[in-house]
Every structure is written in structure tokens, then in C-alpha cells.
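Trainee: Predicted model and sequence follow; I will ask about them next.
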Amino acid sequence: MNILVCVKQVPDTTEIKMDSRTNTLDRSSAATILNPYDAHAVEEAVNLKRKYGGKVTILSMGPPQAREVIKKCIEMGADDGVLLTDRAFAGSDTLATSYILGSAIRKMSAKKSFDLVFCGKQAIDGDTAQVGPGIASRLGIPQLTYVEKITDLDAVNNMITVHRKLDDGYEIVESMLPCLITVEKCINELRFSPLPDMIKAARFSPSIWEVNDLDADISRMGLKGSATSVRKIFPPAKREGGEILNGTTTEAVKSLSDKMKGEILACRS
Amino acid sequence: MQIIESSDIRKITAVHGGVWVFAEQQEGRLNSVTLELLGAAKKLSEALGATVNTVLIGDDVRHLLPTLFAYGADIVYLMDAPAFHYYRTETFSKAGKYLIDKYKPEILLIGATTTGRDLAGAVATALNTGLTADCTSLDIDTEKRILLASRPAFGGNIMATIICPDHRPQMATVRPRVMQLSDAIPGRTGIVVNETFAIDEQSLRTRVIKIVKETAENMKLEDARIIVSGGRGVQDFRLLSELSVVLGGVVAGSRAAVEKGLIDPAHQVGQTGQTVRPKIYFAVGISGAIQHIVGMQGADRIIAVNTDPACAMMKLATYGITGDAAEVLPELIREFKYALC
């Protein structure tokens, strides 16, 4: 199995603060981490490599310091990694991002094509879940999104069978390889890295590719290549102040029931 | 209901452009987000002076047409064929792209479900247009005919309004259970455009083997509409489970409850557990540490039960009841058993 995993370095959103004066994000307040869903994508790829042999390569796009998340992936058992970093990539929306990543994957596939491309289901900063499907479209391969479990991988006939999450359950889908898979967290549990992988990661530095390393159209990258733009950002509406239901417990409970009965029944329909 | 074949389409100009809704259905059952999107599309179309057009792709789905018209569709593009029995990215995205290329919508709304987001990402890339994910409010810049799609970002810490000024259609996925339904007008009718799109099953690379539904008991926490969550202030989690059964919800807990062994770690809500976004969140005996609040503040309604009326959770709550969980829980169980039967 020749496997590629796309990962992103993201700010830890639980630590992000809003500057209430300027209505902007204070990014300096947040540490950066490997996007949690991507960690599970790496874990799954490494599990498949252990079972079927092959190689796991990491691809990321970001500022130079994003090399840290690639090193983290090496620590988790990946073999190699490429970081796409160039000012020309900055400000890309999901359309431009999938174009850049797709171009890089084509180049990486020149020597040996990938059987599987993994992504996390979404990144926790943008929460769009659009780059995975975008890459699959660019590469012209099937996409299996929101995968909770790989139940079968038939390396002889090049078929994979997965459970794909639906809003009220899941579906069992099979696909020919190569295909792109985006994973849910429940697909596996992250293990602690063995010492040799940690040492390897400490010494590792990823290949750095800039825009000139890609055989691609620069006008389709960055702000220029993006179809969407942010018109404004604003703080979320504050939750309205709560109402304490007064009276005895019985009275308060009755009052709650009167207020909420309709909504509870609607939820159950 | 006027049914026209796609070959006759040039006679009617209104079938071009418009605000489009992707009608999501599964085995002939309409996903309720579709009706919400029709409500949203209606408001946008009024601002633009456009029609509300709906894409219905499936296998034996004609019976859904009256519902789509009743909730606001003016035109439905219908593709009804066995190849569309199950949703598959490759069949639906190709069929969708075909319709979009042919009839050129201004705006396309899709539900932000797993199916909708899978489809939207593929279609937007194929069309080389912009897509805004998981929107919670939609508006129109009427002068420039631009969709203003707003959505939370950075874990809900900010809201961003995204535009797609130069590419068409302007696409957005819309979070379920956010948009208002329009009032249904039974018997309202419109135009059905019969469309066909040849699919060669042999050339397809994916196949859905089957769909497995989940019941309320084994429903995942992140999918639950009602969550009954307990913390340090709950001694007896059996009462919490009983209330959850009565309400048709799923039980969860704070980190404190997990550490006391009262509930499985898989059901922990908060920074180190899961982020949930139910319709209704009962926080019983949870004072509201920030690590817990970041995991549940997206709930539409929060009901807090706490001995301390001044605690953070009571301040956040839609409704608060002051009292000890051991005393309030049995009352809640009794009352809702009676009220919901």
C-alpha cells in the first residue's frame, strides 16, 4: 500500500481568544497542534502499512513552522513528508487549497501512484470538510468521507469496504482503489509512539516545496485563486441571560415542563 | 402540476437561474433539512426577484413532489432512475453538475449533513466555484446580487460572513435545524422538469451495500438532539438515565463525573471529551467550568439544575432550577413522564 496523508497545522481552538476591542482573533494566544482528525488519519494509514506493508507519506501546506506537524506524523510512524510553503499559497480558500494539494499529489505520484489518500474529516479551525472532497475531484478518484471504520481491504483486487457515517446511522460502501478517505475520530485510538520513531522524528526534516516546484498555474492559488472571501468577522451573539424558575421544586419543574414540552416532543419526532 | 420534458425547456425562461435547493432524501424519505432550505431559499428569492428551484435526484421519488411544492419550490428538476437509489458522490455530483451547467442557478443551497457536505465539496470543485460550509445565517446584498453566508469559525469563537463575488453558482451548505420553515401550503403546485442523465453502472467505482440505522439507545452523543448531562452534583446516575429515557435523550457527563467513574469516558462532554450541539442540553449538577462549556455552548437550549443559582452554568442556561439533583431529578422524571405521554 502506497499511502498519502494530508494534514494541517491548526491553532488549538479551545485556547483562542477574541480581542473584543478590535473584533479580531488573537492568534498569538493559541498554541498550534496537528489537526486532531488528521492525527487519526495518520494512525489509520500507519495501521494499514503495518498490516499490508508499503509506505506512508505526509503532505501539508502552511508556513515554515508547519514542519512541526509533519515531524509529529513521523513520530506516529509515517515514513516521509513534504511541506508546501510559499507566499503564493497564502490566503487560499478551499478551492485554491485543493488545487495546490492536488498539483502536489500529482507530482508525488509521478514515480509511484498512491493507492489511498487519507484526510481528517475536517480541520478544527475552518470546520469546512471541503478540502478532502476537493482533492478527490482534482485527482478524479472516488471519495469516501466521514469514515468510521475500514472493514475490509482487498489488496489483490484493489477494493476497500468502509462504514461511512450518516446523520442517523451509517452506510456500508465499497470502492475501488485508488480512493480518498476522510476519517472520523472514532476510526481508531491513537497509540503512544515507540522510542525509535520518536528519535527518527527528532532528526527528520521534511522536503520543502515552493510554488516553482509544482507544475501548476499560480493564478489559481492564494487570494487570487480563491472564489470566496471574508466580507467581515464579528463575535457570535451572546446567549441571552438565563431565567431562573422560581417557586418550590415542584412548581419550577412544572413551569419548565410547560415551556419545554413542545420542543422536546419536536425533537423526538 | 405542470410536467414538462427537458427537450421543451426553451419555451420557459423561468427554469434558468434562480435560488436552488438540493432536496436530500434517503430511500424516498425527505430529510427535514430540505424543507428548512426551501424556507431560506424563499426569503433569498424574494430579495432577488427569482424563483425557488429544487433538484430532486433519486429512485422512485415522485411522491415527494407535492411536499416540495407545498414548502415553496416553484420548479423541480427531477432525475428519477434506479442508479440513484442510494446517494453516491460520483453519480449525484455528475448529475448535479449537468443540471447546473444547463440551467445556471445564481445560488445553490445544500444541507450541511454528511451527505450534503460530501456532495457540495465535490460539485463546487468540479464547477470551480466558491462554497461556504455549515452556514447559520443567509442574507442578500441586493444591489450586487451577492449571497452573504455567515458561519461560525475557530470552534465557534467568531462568526464570519463569506462571499463569492465572481463565480456562479454561489454555493453554501446550511446547518440543519437552524433555518425557519415556511408555512406549508397544501395543494400548492409548480413545474416539474423531467431530466435524464445516463449512468453506466459498469463505469462506477463505488457501490453502497446497505444502510444501517441507529436507534435512540445506541445513538452517538454528537448526533443526539437531547442530551442529559450530569456532573459532580449528581450522586445517582441511574436517575439521570431514567430522565434521559423519558425525554428520549442520550446521557453524558462532565469530566468530574467521568473521573468519579459515574459515566463512560466516551460520553464526556467538554474540551477533553466531545463537542456537542444538541437542541436541548440538560446540565444537572454541573457548575460550568470553561472546559465543559466550550463543549456544549452550541446547544440551542440549556436547562441547568444546580444548588448554586450564581454558578456559571445557571448564568448560561435558558432556564435554571435551583435545587439539589437528588431532589429535582425525581420531580423532572415524574413531570415529563406525565407531560410527554
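Mentor: Looks like it came in fine.
Trainee: low-confidence ranges in the stretch 151-300 of chain B?
Mentor: Applying pLDDT under 70 to the stretch 151-300 of chain B flags residues B:155, B:215-218.
Trainee: Swap in 90 and give it another go.
Mentor: Along the stretch 151-300 of chain B, segments meeting pLDDT under 90 span B:152-159, B:175-183, B:201, B:213-224, B:255-256, B:258-268, B:270-277, B:288-295, B:297-298, B:300.
Trainee: Please list the residues of it that sit near chain A.
Mentor: B:152-167, B:176, B:205-214, B:223, B:225-226, B:247-248, B:271, B:279-280, B:291, B:294, B:297 (CB under 8 Å from any CB of the partner chain). (Glycine included, C-beta is placed from N, CA and C.)
Trainee: In the stretch 151-269 of chain A, which residue sits nearest chain B?
Mentor: In the stretch 151-269 of chain A, the residue that lies nearest chain B is residue A:227 (3.2 Å; CB to the nearest CB).
Trainee: pretty sure that residue is touching residue B:128, no?
Mentor: Yes - applying CB atoms under 8 Å as the test, residue A:227 and residue B:128 come out as touching, 7.3 Å apart.
Trainee: of those two, who's got more company?
Mentor: Ranked by neighbour count (other CB atoms under 10 Å in any protein chain shown), residue A:227 and residue B:128 place residue A:227 first, with 23 against 13.
Trainee: residues contacting the more buried one?
Mentor: With CB atoms under 8 Å, 6 or more residues apart in numbering or on different chains as the criterion, the residues that contact residue A:227 are A:93, A:95, B:128-131, B:164, B:166-167.
Trainee: From the residues of the stretch 151-300 of chain B next to chain A, which land in helices?
Mentor: Among these, the residues falling in helices (DSSP state H) are B:247, B:291.
Trainee: Now intersect the residues of the stretch 151-300 of chain B next to chain A with the strands, please.
Mentor: The strands, defined by DSSP state E, take in B:152-153, B:158-163, B:206-213, B:226, B:280 from these.
Trainee: Weed out the non-buried ones from those.
Mentor: Buried members of these, counted by 16 or more other CB atoms under 10 Å in any protein chain shown: B:152-153, B:158-163, B:206, B:211, B:226, B:280.
Trainee: so what's residue B:139 up against?
Mentor: Going by CB under 8 Å, 6+ apart, residue B:139 touches B:147-148, B:150.
Trainee: Tabulate the residues you listed (TSV), appending distance to chain A.
Mentor: Putting the contacts of residue B:139 into TSV (distance: CB to the nearest CB, whole Å) gives the following:
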residue	distance to chain A
B:147	10
B:148	7
B:150	8
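Trainee: Sort out for me which of the residues you listed are in strands.
Mentor: In this view, the contacts of residue B:139 that belong to strands under DSSP E are B:147-148, B:150.
Trainee: Endpoint to endpoint, stretch A:236-248 covers what distance?
Mentor: When the termini of stretch A:236-248 are compared using CA to CA, to the nearest Å, they are 35 Å apart.
Trainee: out of the contacts of residue B:139, who has the most neighbours?
Mentor: residue B:147 (29 neighbours).
Trainee: That one against residue B:44, yeah?
Mentor: Yes - contact criterion CB under 8 Å: residue B:147 and residue B:44 qualify, at 7.2 Å.
Trainee: all helices for chain A, in order.
Mentor: A:36-52, A:67-75, A:94-108, A:131-139, A:195-203, A:249-268.
Trainee: Looking at the ones you listed, spot the one closest to residue A:147.
Mentor: helix A:36-52 (8.5 Å; CB to CB).
Trainee: Next one: that closest one, is it in contact with chain B?
Mentor: No - applying CB under 8 Å from any CB, one finds helix A:36-52 separated from chain B by no less than 10.7 Å.
Trainee: and that helix, C-alpha only, in PDB?
Mentor: C-alpha atoms of helix A:36-52 as PDB (Å, rounded to 0.1, in the frame of the first residue of the first chain):
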ATOM      1  CA  PRO A  36      -6.900  16.200  15.700                       C
ATOM      2  CA  TYR A  37      -8.900  14.500  12.900                       C
ATOM      3  CA  ASP A  38      -5.700  14.300  10.800                       C
ATOM      4  CA  ALA A  39      -3.900  12.500  13.700                       C
ATOM      5  CA  HIS A  40      -6.500   9.700  13.300                       C
ATOM      6  CA  ALA A  41      -5.900   9.700   9.500                       C
ATOM      7  CA  VAL A  42      -2.200   9.200  10.100                       C
ATOM      8  CA  GLU A  43      -2.900   6.500  12.700                       C
ATOM      9  CA  GLU A  44      -5.100   4.600  10.300                       C
ATOM     10  CA  ALA A  45      -2.600   4.900   7.500                       C
ATOM     11  CA  VAL A  46       0.200   3.600   9.700                       C
ATOM     12  CA  ASN A  47      -2.000   0.700  10.800                       C
ATOM     13  CA  LEU A  48      -2.600  -0.300   7.200                       C
ATOM     14  CA  LYS A  49       1.100  -0.100   6.500                       C
ATOM     15  CA  ARG A  50       1.800  -2.400   9.400                       C
ATOM     16  CA  LYS A  51      -0.700  -4.900   8.100                       C
ATOM     17  CA  TYR A  52      -0.100  -4.700   4.300                       C
END
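Trainee: same for that helix, what does it pack against?
Mentor: strand A:2-7, strand A:55-61, helix A:67-75, strand A:116-120, strand A:143-154, strand A:179-183 (3 or more CB pairs under 8 Å, 6 or more residues apart in numbering or on different chains; DSSP states H and E).
Trainee: make it 7 Å
Mentor: strand A:2-7, strand A:55-61, strand A:116-120, strand A:179-183 (3 or more CB pairs under 7 Å, 6 or more residues apart in numbering or on different chains; DSSP states H and E).
Trainee: Next, the angle from the first one to strand A:55-61.
Mentor: Read it as strand A:2-7. 30 degrees (axes from the mean of the first three to the mean of the last three CA atoms, to 10 degrees).
Trainee: Which residue is the nearest non-sequential neighbour of the residue positioned nearest the centre of chain B?
Mentor: In chain B, the residue lying closest to the centroid (CA atoms, centre = their mean) is residue B:176, at 1.9 Å. The shortest distance from residue B:176 to any non-neighbouring residue, by CB to CB, 6 or more residues apart in numbering or on different chains, is to residue B:33 (4.2 Å).
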